[in-house]
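Peer 1: Using only what follows, build the 3D model:
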Amino acid sequence: MSAPQGLARLLAANPFFAELGEDAIAAIAGLCRTRSLARNETLFQKGDPGDALYALRRGQVRIGAGTEDGRSVTLNLLGPGDVFGEIALLDGRPRTAEAVALEAAELFVIERGDFLGLLARDAAMAVRIIGLLCQRLRWMSERMEEATLLPLDTRLARRLVMLSEDYGAEIQVTQAELAAFVGAARESVNRVLQDWRRSGIIDLGRSRVTVRTARRLAALGERSRT
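Peer 2: Numbering: from 1, shown residues only. Take a look at the predicted model:
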């Protein structure tokens, strides 16, 4: 399968891009090239030029940022099929976060100049891309609200539910990564996880969390919505 065909399959499975239709997806996919990353290799850093859109074909990528006191905050974990980098791609401003491969990864890449040229020729596609940006901004706003208003156990439950939806019941993630993901100390995350283990909600292993009762975990994440 060629790179454009591979990217077209990923875009067609993406809830947003699927609405563009086959012709638009084929046009976008036709712009792509491929790139490989080794484990722990940095794709881009905060402040780098926003010059490309990425679609993850294989592997896992962490999107994160550093705080003024030196802590690292995980903003998102991306897996196969995820598309990212679109905000900096369209506004041309520097990256607002870093992207690092947590394992060997393969990506499809679309350069900014090529993509903007396509949007200039297709107004309907440009409108849909604006919708994608609004969706992503709303998602970031919700994450900020969680970090400031919700208790740790609620934030952690929501993150594990999201990860299990993407990667299945057995999640390959360290407690340090989870702590960074929810903006808390690793020791605090460990206490919550141990409570849930004793309650039969999860199992814990080396760099692994296994969700035993997804319904109970989801209920913990819903408690503070009202």
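
Peer 1: Surely residue 57 and residue 78 touch.
Peer 2: No. Judged on Cβ atoms under 8 Å, residue 57 makes no contact with residue 78 at a distance of 11.4 Å. From N, CA and C alone the C-beta is placed, and that goes for glycine too.

Peer 1: With neighbour numbers in mind, choose between the two.
Peer 2: residue 78 (22 against 19; other Cβ atoms under 10 Å).

Peer 1: Quick one: low-confidence residue ranges for this structure.
Peer 2: For the chain, applying pLDDT under 70 flags the ranges 1, 14-16, 19, 67-72, 87-89, 136, 139-149, 223-226.

Peer 1: What are the structural domain limits within it?
Peer 2: 3-146, 150-222 (the TED database).

Peer 1: How far off centre is the first one?
Peer 2: Read that as domain 3-146. From the chain centre to the centre of domain 3-146 is a distance of 9 Å (Cα atoms, centre = their mean, to the nearest Å).

Peer 1: swap in the shortest one?
Peer 2: What separates the centre of domain 150-222 from the centre of its chain is 17 Å, taken as Cα atoms, centre = their mean.

Peer 1: This structure: helices as residue ranges?
Peer 2: With helices called from DSSP state H, the chain shows them at 3-13, 22-29, 86-91, 112-121, 123-149, 152-167, 175-182, 186-198, 214-222.

Peer 1: distance from the centroid: which residue in this structure tops it?
Peer 2: residue 198 (29.8 Å; Cα atoms, centre = their mean).

Peer 1: just checking, residue 213 touches residue 200?
Peer 2: Yes. Here residue 213 reaches residue 200: they are 6.6 Å apart, a contact under Cβ under 8 Å.

Peer 1: between these two, which one's more packed in?
Peer 2: Neighbours around residue 213 and residue 200, counted as other Cβ under 10 Å, are more numerous at residue 213. The numbers are 14 against 10.

Peer 1: Give the closest residue to that one in space, chain neighbours not counted.
Peer 2: In this structure, residue 213 finds its nearest non-sequential neighbour in residue 201, 5.1 Å apart by Cβ to Cβ, 6 or more residues apart in numbering.

Peer 1: Let me have the helices of the chain in JSON lines, adding distance to residue 36 as columns.
Peer 2: Putting these into JSON lines (distance: least, Cβ to Cβ, whole Å) gives the following:
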{"stretch": "helix 3-13", "distance to residue 36": "12"}
{"stretch": "helix 22-29", "distance to residue 36": "18"}
{"stretch": "helix 86-91", "distance to residue 36": "20"}
{"stretch": "helix 112-121", "distance to residue 36": "20"}
{"stretch": "helix 123-149", "distance to residue 36": "26"}
{"stretch": "helix 152-167", "distance to residue 36": "21"}
{"stretch": "helix 175-182", "distance to residue 36": "22"}
{"stretch": "helix 186-198", "distance to residue 36": "31"}
{"stretch": "helix 214-222", "distance to residue 36": "34"}
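
Peer 1: right, and those - which one's nearest residue 43?
Peer 2: Nearest to residue 43, of all the helices of the chain, is helix 86-91, at 12.1 Å by Cβ to Cβ.

Peer 1: Give me the distance between the residue farthest from the centre of the chain and residue 191.
Peer 2: 11 Å (Cβ to Cβ, to the nearest Å).
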